[in-house]
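Student: Model the following, please.
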Amino acid sequence: MTRLKYWRSAGTALVVLLSMSLGGCGQNQQQQQAALPPPAVTVAVPIERNVTDFDEYVGRFIAVDSVEIRARVSGYLDKIDFKDGQMVKEGDLLFTIDKRPFQTALDQAKANLQRAKAELAFAEGDLERAAQLVRDKTITQQTFDQRTQVKRVAEANVAAQEAAVRQAELDLQFTDLRAPVSGRIGDRRVSVGNLVTGGTTGNTTLLATIVSTDPIRFEFTFDEASYLRYERLAAGGNVNARRDDIAARGGSTLVRLKLIDEKDYNHIGRMDFVDNVIDRSTGTIRGRAVFANAQGIFTPGMFARIQVPGSAPYTALVVPDTAIGSEQARKFVYVVRPDDTVAQRYVQLGQLSDGDRVIKSGIEPTDRVIIEGLMRVRPGMKVTPQGAPASVPAAAAASGTAQK
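Tutor: Purely as a prediction, here's the structure:
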C-alpha cells in the first residue's frame, strides 16, 4: 500500500509538470505570433479601359478559288510543265496534249475553206453572166433563179468552213492546258503517255487541282442567339436599318484569329459574308471572314479559332489575371480596407484584355486589389499594403513588383 501511494503521488507531480511546460510553450507561440508583423502584399487600383467583348468560334480555312484541271479535248498526254505542289500563276502552262492530230484537222479545215471560197467565186461570176443573159432574154428566169440559189449555197458553205476552221483552231489551242487562277497546284494525277479524256461530259480525266492561297477565307458557324445579337449590333440600335446595310457590315467588322499552335490572336481579318439561311437541323448560321496570306501559312482545310466582336466598345475595370482567386464555381479578389484588413469580393469576370482580366461587377474603381501575395492572406487578416504608382497599369505594376 505504501508503494502504491508513492507511485500515485509521483504520477500526479509529473502530470502537473507536463501541464505547466505545455502551457508555457503555448504562451510562447502566441507571443511569437503576436510579435510577427502583418504580411506585406502588393496592391493596385483597378484601371479603367475601353474594351470590347469577343466571341470565340472554331472553323476551317477554305480557298477563294478552287479549280479542277480537266482537258477540253481528248488525246495522249505529251508533256507536264510543273512540279507537284508548286505555286503557279494564272496563264502558266501546265499540261500539253499531243498536237499533231489537231494540227492535221486544222489544215484540213483550212483546205475545205479554200475550196468553198473557190466555189463561191465561181458561183458569183456565173450569176453576174446570167444577169446580163436574162436581160437579153437569152436564158429563162428559172435558170437565173437556179444560179442565184447556187451562189447562196456557196456563201453558206464558206461560212460553215470558216466556223470549222475556228473550231479546229480552238481544239489546237486546247491542247495547251494553262492555269486558270493563281495558287498552289497539287500533284499530277496522270503521267505522260496516258490517254486523256476531254470534253464537257462527266467522265473527263482529272489532271490536277489548283487552290488559291492569298487571300484566303475562313468559315465558321454561330448560333441563332449570337446572330440576333450581331444583327442588332450592326444596326446600331436603328430598328429601321435595311437588311442590305446590316449585311454590308462584313466590309468593316474586324476579326482576330489564331492557329492551333499559337497563344495569341495576332492575325487580323475582316468579315465578308453571312449566310441568308439558318440551318434548321443545328440552329446555326454560316459566317465567313477573309485574311491576307502572303506567307502561305494558312492552308485550305486547316483548323483555327476566330474572335468576333460581340459588343460595342465600353469602359470597364481591369486587374491582373493573377489577382483572381477561385472558390469552387465562384471567382473572387482580395481587397484591402481602409484599416488595412483583407476583404473578399466575389466578381463577375469578362475576357482578357492585353493580359489583364476585365471585371464586369464586384469591385469599385477606388478599391485596393491585392495583386501579389494572395496565398499569404485570409479575409479579416491585417496586412501591410505596398501600392504601385497610380500611373502604372495594374499588369505592369504586378510584373514590376515580381521582378523586384
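Student: Compute the distance between D264 and G355, please.
Tutor: 10 Å (Cβ to Cβ, to the nearest Å). Any C-beta I mention is one placed from the backbone N, CA and C, and that applies to glycine too.
Student: again, but for A225
Tutor: 29 Å.
Student: Which one of those two is surrounded by more residues?
Tutor: G355 (16 against 9; other Cβ atoms under 10 Å).
Student: so the more buried one sits right up against T322, yeah?
Tutor: No. G355 lies out of contact with T322 (Cβ atoms under 8 Å); the separation is 9.7 Å.
Student: Tell me what I370 is bridged to.
Tutor: V43 (DSSP bridges).
Student: For it, list the residues it contacts.
Tutor: By Cβ atoms under 8 Å, 6 or more residues apart in numbering, the residues touching I370 are V41, T42, V43, A323, V333, Y334, V335, V336, V342, V377, V383, P385.
Student: Please name the nearest non-neighbouring residue to the second one.
Tutor: Leaving aside its chain neighbours, T42 sits nearest to E372 (3.8 Å; criterion: Cβ to Cβ, 6 or more residues apart in numbering).
Student: likewise I139?
Tutor: In space, I139 is closest to L133, 4.6 Å off (Cβ to Cβ, 6+ apart).
Student: pLDDT value on the one you found, please?
Tutor: At L133, the model reports a pLDDT of 78.
Student: helices or strands up against the helix or strand encompassing it?
Tutor: Here L133 sits within helix 100-135, counting by DSSP states H and E. When contacts are defined as 3 or more Cβ pairs under 8 Å, 6 or more residues apart in numbering; DSSP states H and E, helix 100-135 packs onto helix 141-173.
Student: Now do the buried residues in stretch 42-49.
Tutor: Using 16 or more other Cβ atoms under 10 Å as the test for burial, stretch 42-49 gives T42, V43, A44, V45, P46, I47, R49.
Student: Pick out the least confidently modelled helix or strand of the chain, by mean pLDDT.
Tutor: Least confident helix or strand, the chain: helix 394-403 with a mean of 39, by mean pLDDT, DSSP states H and E.
Student: I figured I371 was touching I47, is that so?
Tutor: No. Look at I371 against I47 with Cβ under 8 Å: they stay out of range, at 11.3 Å.
Student: Is V192 in a helix, a strand, or coil?
Tutor: Here V192 is coil, with the state taken from DSSP: H, G, I helix; E, B strand; the rest coil.
Student: What is the burial count for it?
Tutor: Neighbour tally, V192, other Cβ under 10 Å: 12.
Student: T52 - how many residues pack around it?
Tutor: T52 has 16 nearby residues by other Cβ under 10 Å.
Student: M381 and V342: what is the separation?
Tutor: From M381 to V342 the distance is 5 Å (Cβ to Cβ).
Student: More neighbours: these two, which one.
Tutor: V342 (22 against 14).
Student: Do you know the pLDDT at the more buried one?
Tutor: 90.
Student: Any chance of the backbone angles for it?
Tutor: Backbone torsions of V342, given as degrees, to the nearest 10, read phi -90, psi 140.
Student: what residues are up against it?
Tutor: With Cβ under 8 Å, 6+ apart, V342 has these contacts: Y334, V335, V336, I370, V377, R378, P379, G380, M381, K382, V383.
Student: Of those, which is the nearest to R229?
Tutor: V335 (32.8 Å; Cβ to Cβ).
Student: Report the buried residues of stretch 224-232.
Tutor: S226, Y227, Y230.
Student: for the host helix or strand of the last one, packing partners?
Tutor: It refers to Y230. Using DSSP H and E, Y230 sits in helix 224-235. Applying 3+ Cβ pairs under 8 Å, 6+ apart, one finds that helix 224-235 contacts helix 243-247, strand 284-291.
Student: comparing those, which gets the lowest mean pLDDT score?
Tutor: For the helices and strands packed on helix 224-235, mean pLDDT drops lowest on helix 243-247, to a mean of 46.
Student: Tell me the first helix or strand C-terminal of that one.
Tutor: Once the chain leaves helix 243-247, the next helix or strand it forms, by DSSP H and E, is strand 254-258.
Student: Since that was my last question, I'll sign off now.
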